[in-house]
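Asker: the sequence isn't on hand, but the structure is:
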Ligand code: PMP
């Protein structure tokens, strides 16, 4: 047995000794997972679960190459980065080689929160400003400073509230957000949402303050698996830079090939979109705590010029770097980015078909293995089917499939599986989801179509049509801007 005590004893000790704010998944009947492999997790009774949400186990749970790299390095040396070590420089140079110029200077840290905290510090040092623009519903981590820029946390009823140096821009959600594709047929929603950021920059200046940074995930995950409209980021980045601020892309969830067509999600929007700082985490260590900040030589120099040393006890230790190097190696060798594209396209196509039969599906959106299924009680009014989403998550678990729900109304089923997810996994997932949705499905009198948003990436060359998002009728949702 892989257990050291019965499940009820584990629950008893956890209740007694672990802070109750650390919530369990499937609270009423939590899972006790004792081992995992690839895209599967196993409980204490050896039941197999298909893991559709673990974007940390990026190259598959317990990938043997990654495990071996960590074990071998751990047996040799683990120390801080004040000593020279090949693993660190190999890790940094490989990360830099995967990013566009001038993103080439790395700081290795231990978590996504630490990465975003350091990104803010870099931005504040470089711009000498303090004001930060963040997106509504965003989550960037659990540190005090990062909670301050995470409306998802500070806006909770007992949250710490919005600080005066924090400015919240609308989430560019064309399905449920401030500007919806259905209401603005002839307008470029990317431009419209970006105008709101421009206005915030103006307001900051009007208050006699300066813009420090704009931070956003390149695809909003906690916000409900959101695909921002084409032209959003180019315009936002321009407005923010014109106001003297810098642009931070949080790729903690969506980086390392998940989007299929590119290594980084910000690359979906065109070659001219290059953030000033990128933060990486989760998939980077395949479960081992490691994260990074990558920035430009210019911003790194401003930080250096303060004369203050940056020391992080564990950041960049040889074990974490060995593991990260193995992860990058496996992504490439096993063609996992390409797999994400192939399997993700199949998943989206199958979900589109399912949406034709299951009326509770209001929107299907995604790119690569980053997919959201928004459940609604009414397709016209778009009333969030929150309780139904909860029911689906729990029923899927009974059928041995792990998914979760998110978004401001907690009605978006999200999929972000390990990148080794297969076509068969998709077929199994969709057929089980179909049966479970039947339990909560609704009838419509009128024939209304679900919406489907898919970013067909611009594939490197500039000038290619950026506005190829289509709905399920094949009509473009966005007006072409260039
Ligand atoms: N950024 C994003 C987008 C995240 O989703 C998370 C974690 N959910 C973080 C940052 C923080 O990462 P960590 O939990 O490793 O501190």
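Answerer: In hand now; what should we look at? This one's a predicted model, so the numbers in the text were calculated from it and none came from an experiment.
Asker: surely residue 198 meets residue 241?
Answerer: No. Using CB atoms under 8 Å, residue 198 is not in contact with residue 241, being 11.3 Å away. To be clear about C-beta, it is placed using only N, CA and C from the backbone, and glycine gets the same treatment.
Asker: give me the more crowded residue out of these two.
Answerer: Each of residue 198 and residue 241 has its neighbours counted (other CB atoms under 10 Å); residue 198 has more, 18 against 15.
Asker: quick one: residues in contact with the helix or strand that residue 92 is a member of.
Answerer: Using DSSP states H and E, residue 92 maps to helix 86-98. Helix 86-98 is contacted by residues 73, 81, 103-106, 108, 263-264, 280, 292, 294, 316, 318, 321-322, 324-325, 328 when judged by CB atoms under 8 Å, 6 or more residues apart in numbering.
Asker: run the last query once more with 6 Å
Answerer: Helix 86-98 is contacted from outside by 81, 104, 106, 263, 294, 316, 318, 321, 322, 324, 325, 328, using CB atoms under 6 Å, 6 or more residues apart in numbering.
Asker: of the residues you listed, which belong to strands?
Answerer: Taking DSSP state E, the ones among those that sit in strands are 106, 294.
Asker: now residue 133: which helix or strand?
Answerer: Using DSSP H and E, residue 133 sits in strand 131-135.
Asker: and the ligand, is that strand touching that?
Answerer: No. Using CB under 6 Å from any ligand atom, strand 131-135 stays clear of the ligand, with a minimum separation of 10.7 Å.
Asker: elements contacting that strand?
Answerer: strand 166-169, strand 211-217 (3 or more CB pairs under 6 Å, 6 or more residues apart in numbering; DSSP states H and E).
Asker: mind putting those into a markdown table with mean neighbour count and mean pLDDT?
Answerer: What follows is the helices and strands packed on strand 131-135, written out as a markdown table (neighbours: other CB atoms under 10 Å; pLDDT from 0 to 100):
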| stretch | mean neighbour count | mean pLDDT |
| --- | --- | --- |
| strand 166-169 | 20 | 98 |
| strand 211-217 | 27 | 98 |
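Asker: so for residue 39, which of these sits nearest?
Answerer: Proximity to residue 39, assessed across those by CB to CB, is greatest for strand 211-217 (23.3 Å).
Asker: outside of that closest one, which residues touch it?
Answerer: By CB under 6 Å, 6+ apart, strand 211-217 touches 123-124, 127, 129-135, 201, 204, 240, 243-248, 250.
Asker: of those, select the buried ones using a ChimeraX command.
Answerer: This is the ChimeraX syntax for the buried subset of these, where burial follows 16 or more other CB atoms under 10 Å:
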select :123,124,127,129,130,131,132,133,134,135,201,204,240,243,245,246,247,248,250
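Asker: which ones among the contacts of strand 211-217 lie within helices?
Answerer: Using DSSP state H, 123, 124, 127, 201, 204, 240 are the members of the contacts of strand 211-217 that sit in helices.
Asker: spatially nearest residue to the fifth one (excluding sequence neighbours)?
Answerer: Nearest-residue entry for residue 204: residue 131, 4.9 Å, with adjacent residues in sequence omitted and distances by CB to CB, 6 or more residues apart in numbering.
Asker: for burial, what's the neighbour tally of residue 396?
Answerer: When neighbours are counted by other CB under 10 Å, residue 396 comes out with 22.
Asker: and the stretch 151-300 of the chain, which residues reach the ligand?
Answerer: 217, 221, 222, 250, 252, 253, 281.
Asker: next step: the residues you listed restricted to helices.
Answerer: Per DSSP H, those never map to helices.
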